[in-house]
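Engineer: Curious how this folds, go ahead:
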Amino acid sequence: MDVEQTEFWRICDDKGVCHCDWRLTATGCEEESALKIMYIINAVASAFLTVAVIIILFRRSYFQNQTLLDRRSIIPRPKPIETMAIFGIIFHILRMIHAIILVADGVPNVAFRSFFFEFGWPFIFCAVSCYLFGIAHTLASSSKIIYENWVRSPYIIDGAFFAIISLPFISNVVCAIAAGIYALRADITLAAAFTRATYYLWVFHIAILSVLILYAGLRLIRLLRRHFLSKPGTTPEDLEKFHLGALKVKIIIMTAFCCLMVFMVIVILYASFRTEITTYMPYNFALAVVTTFTGVIGTCGIIFAVILDPRIASLSGLTGSSSGSAEATAMSNSRLSKWVNNRSGVTTGATSGVTSGVTSGITTIGSVAPGITSSELAKFRMHPPLEKISIEMDPVPRTSSQLQRVEYSEPESHTQSRVEEDQYQYNAMTSTIRAKPRNAFYADGYSYHA
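Structural biologist: Numbers count the residues shown, from 1 in each chain. Presented below is the predicted three-dimensional model:
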C-alpha cells in the first residue's frame, strides 16, 4: 500500500484515509472514536488503581509500621512492596495524564507528547526491579545462609539495581525526545529511526529483567522452602503461612514476567512494522489496546497478591490444608531418618537398614492395623521409641544367599488367609520397633541385632 506521510504522528494511505499513531494523537484519523473511548477507560482505570495502591500503601505504613526504605545498613535500600507501590502510583498518574491530554487534544507539541508517552513506562519497569532487589536485600537481613547461597556480595545487588532502573530513563527517554524533535522538523526518516531505536532498547532492557526476575524468583522460593523445612519445631500452621507467602511471591513474579513478555512482543512488532501496523486499523487498534491495558492488568494481579490472606486463598482454592499435612508428614519422616543416622554411628549399610526398617514399619502399622488412629500414628511418627534400639555388630561374613534373608518369615502354608498373613506382618513390625526383635537382619555381610 502506498502511503503519504507529511506528519509523523498521522499516516494517510493512497485512498486519503488517515491513521493515527496512537502514542501521539487520537484525532483526525479513522480510529479517533475508538481511541478516545480506549483512553477514557484507561484514565478511569488508572485513577482507580492509583487510589487503591495509595490505600494499600497507607495501610501497610500506618497500621503495619512498614517503611519505604530499610535503614539498617549504611546505604538505605528499598523494601519490595512499598517501593513497588510508589513507582506504580507514579506510573498510573502519568498514564492518566497522558490519556487526558490525547482525549482533550491538549499540548499539541509532538516532541512533548513523545517524551511524555515514554516517560511513564520506566516507572513500571522500576516497580518490578524494586520488588526483585528489595527481596534480595530483605534476605540479607533475615537469613545470612540463604543470602550467601544466592548472591555473595550486597554491592553486586546495588550495582545491578542502579543500572537496571537508570538505563531506561537515560537511553529510551532521550531517543523518544529526539524522535519527537525530528518529527516536528518533518524529518520523517530520522524520527522513525529514533523511534525504532527506542523500542529495540526496550527489548534489551525487558529481556534482561524478565530473565532475571524469573530465575531469581523461582530460586528464591526453592531456597526459602529448603531453609524453612529444615528449621526445627515447624508446625502445620507455620507451613500454611509459608505456602501462602510462597504463593504471593509466585503470583507477583509470574504476573510481572508475563506482562514483560507481552510488552516485549509488542515493541518488537511496532519497531519492525510500524508503518504497516499503523495503516491497518484492526492491527493498529489492537496493538494500542494491548499496550495500554497491560499495565492495568498487571497492577490488578499484583494488588490481588498483596491483599491475599488465608481466608481468600482457601475460598479460591489456591491453598489447602492437605498440602500442609503432607508437608508435615514428609518433614517428620525426614527428621526421623536424620535422627537414626546420628544415633547409629555404624557403617552406611547398617544405617540405611535401620532407617528403612523403621520407615517400613511405620508404613505397615498405618496401612495394616485398623485399630491405630491417625492421631496416634502421627504421634508415633514424631516421637518413635527409638531409644530402645541398640545396635551391635557381629563381624561374621555372610554369603549372598544369607543376604536375602528378611526380618520376618513368610508363612509356610500357602493356604493361610490374607488376613492372617497381614496380621503376621504387623506383629513382626511392631515387635521390631517396640521391642527386641527375635530375628536378626543382615546387611553388608554383617549380622546386626537390635
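
Engineer: Confirm F116 sits in a helix?
Structural biologist: Yes: assessed with DSSP: H, G, I helix; E, B strand; the rest coil, F116 lies in a helix.

Engineer: now the helices: where do they sit in the stretch 51-200 of the chain?
Structural biologist: For the stretch 51-200 of the chain, the helices defined by DSSP state H, counting those that start in this stretch cover 80-104, 110-142, 144-150, 154-167, 173-184, 188-229.

Engineer: Pull the number of nearby residues for the nearest residue to A176 once chain neighbours are set aside.
Structural biologist: Nearest residue to A176, sequence neighbours excluded (C-beta to C-beta, 6 or more residues apart in numbering): E118, at 3.7 Å. Heads up, the C-betas are built off the backbone N, CA and C, glycines and all. Applying other C-beta atoms under 10 Å, we find 24 other residues in the vicinity of E118.

Engineer: ok, now which ones touch E118?
Structural biologist: In this structure, E118 makes contact with 172-173, 176, 198, judged by C-beta atoms under 8 Å, 6 or more residues apart in numbering.

Engineer: ok, so of these, who is nearest T235?
Structural biologist: Nearest to T235 among these is N172, at 49.3 Å by C-beta to C-beta.

Engineer: thinking that closest one is in contact with P122, fair?
Structural biologist: Yes: assessed by C-beta atoms under 8 Å, N172 is found in contact with P122 at 6.7 Å.

Engineer: on that earlier part again, most neighbours, which of the contacts of E118?
Structural biologist: A176 (26 neighbours).

Engineer: who touches that residue in this structure?
Structural biologist: 114-115, 117-119, 194-195, 198.

Engineer: Out of those residues, which comes closest to S272?
Structural biologist: The shortest gap between S272 and any of these belongs to T195, at 11.4 Å (C-beta to C-beta).

Engineer: can you tell me how far the closest one sits from I97?
Structural biologist: From T195 across to I97, the span is 21 Å (C-beta to C-beta, to the nearest Å).

Engineer: higher neighbour count, those two?
Structural biologist: For the pair T195 and I97, the greater number of neighbours falls to T195 (25 against 16), based on other C-beta under 10 Å.

Engineer: Enumerate every residue touching that one.
Structural biologist: T195 neighbours (C-beta under 8 Å, 6+ apart): 175-176, 179, 271, 274.

Engineer: where does the chain dip in pLDDT?
Structural biologist: Within the chain, the segments meeting pLDDT under 70 span 1-5, 136-154, 227-234, 312-450.

Engineer: If you drop the residues flanking it in sequence, what lies closest to L260?
Structural biologist: Closest to L260 by C-beta to C-beta, 6+ apart is S210, at 4.2 Å.

Engineer: and that neighbour, what does it touch?
Structural biologist: 257, 260-261, 264.

Engineer: Any chance of a PyMOL selection covering the buried ones in those residues?
Structural biologist: To isolate the buried members of the contacts of S210 in PyMOL, using 16 or more other C-beta atoms under 10 Å:
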select buried, resi 257+260+264
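
Engineer: Next, format the contacts of S210 as a markdown table and append distance to V296 and secondary structure.
Structural biologist: Formatted as a markdown table, the contacts of S210 follow (distance: C-beta to C-beta, whole Å; DSSP: H, G, I helix; E, B strand; the rest coil):
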| residue | distance to V296 | secondary structure |
| --- | --- | --- |
| F257 | 17 | helix |
| L260 | 15 | helix |
| M261 | 17 | helix |
| M264 | 18 | helix |
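
Engineer: Next, format the contacts of S210 as CSV and append distance to G106.
Structural biologist: Converted to CSV, these look like this (distance: C-beta to C-beta, whole Å):
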residue, distance to G106
F257, 36
L260, 31
M261, 34
M264, 31
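
Engineer: Looking at the contacts of S210, which one is closest to I89?
Structural biologist: For these, the nearest to I89 is L260 (19.7 Å; C-beta to C-beta).

Engineer: quick one, what contacts the closest one?
Structural biologist: 128, 206, 209-210, 213.

Engineer: ok so, going back, of all pairs in the contacts of E118, which one is the farthest apart?
Structural biologist: Checked with C-beta to C-beta, the contacts of E118 reach their widest spread between V173 and T198, with 8.6 Å between them.

Engineer: got the contact list for the nearest residue to A207 once chain neighbours are set aside?
Structural biologist: Leaving aside its sequence neighbours, A207 sits nearest to M264 (C-beta to C-beta, 6+ apart; 6.6 Å). The contact partners of M264, by C-beta under 8 Å, 6+ apart, come to 202-203, 206-207, 210.

Engineer: Go through the residues you listed and name the one nearest L239.
Structural biologist: Distance to L239 across these (C-beta to C-beta) is lowest for S210, with 30.7 Å.

Engineer: surely A111 meets I181?
Structural biologist: Yes: taking contacts as C-beta under 8 Å, A111 lies within contact range of I181: 5.1 Å.

Engineer: tally of neighbours for I11?
Structural biologist: 22.

Engineer: Just to be sure, it is in a strand?
Structural biologist: Yes: read with three-state DSSP, I11 is one of the residues of a strand.

Engineer: correct me, but it touches L24?
Structural biologist: No: using C-beta under 8 Å as the test, I11 is too far from L24 to be in contact (11.2 Å).

Engineer: Now restrict the contacts of L260 to buried residues only.
Structural biologist: 128, 206, 209-210, 213.

Engineer: And those, which is closest to T50?
Structural biologist: Looking across the buried ones among the contacts of L260 and measuring by C-beta to C-beta, the closest to T50 is V128, at 17.6 Å.

Engineer: May I have the residues that are in contact with the closest one?
Structural biologist: 84, 209, 213, 256, 260 are the contacts of V128 under C-beta under 8 Å, 6+ apart.

Engineer: Could you verify my assumption that the third one touches M254?
Structural biologist: No: with contact defined as C-beta under 8 Å, I213 does not reach M254; the gap is 9.7 Å.
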